[in-house]
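Chemist: got a predicted model here, sequence first, then my questions.
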Amino acid sequence: MEAVSHNQVTQEFKNRNFLYSFIAAMFLSIGYFVYVIGVDSLKNKTILSYRKRERGVQNEE
């Protein structure tokens, strides 16, 4: 009976660890994208405007 409860505790701990690591990865990726977009906007080169410029250049040619 002790072994079963111990296995349940370890399983819950693993699930929580996976959940926390997943949430941490989500925050890291979102923070990275926000950082990249922020740096680009500081240089007046947001990703959207940069893509529009590329399309405009291609259309002009």
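Modeler: That came in fine, so what should we check first?
Chemist: use CA for all of it now, contacts and neighbours both
Modeler: Will do.
Chemist: can you give me the helices for the chain?
Modeler: Counting by DSSP state H, the segments of the chain that form helices are 2-42, 47-60.
Chemist: worst mean pLDDT among these?
Modeler: Comparing mean pLDDT over these, the weakest stretch is helix 47-60, at a mean of 60.
Chemist: pull the number of nearby residues for V39.
Modeler: By the criterion of other Cα atoms under 10 Å, V39 has 13 neighbours.
Chemist: same question for V36.
Modeler: A count of nearby residues for V36, using other Cα under 10 Å, gives 14.
Chemist: ditto for M26
Modeler: Neighbour count for M26, taken as other Cα under 10 Å: 12.
Chemist: how near is it to Q8?
Modeler: Between M26 and Q8 the distance, using Cα to Cα, to the nearest Å, works out to 27 Å.
Chemist: equivalent analysis for K14, please.
Modeler: When K14 is compared with Q8 (using Cα to Cα), they lie 10 Å apart.
Chemist: one more: F22?
Modeler: 21 Å.
Chemist: kindly report the same for S21.
Modeler: 20 Å.
Chemist: and S29, what does it touch?
Modeler: If a contact means Cα atoms under 8 Å, 6 or more residues apart in numbering, then S29 has no contacts.
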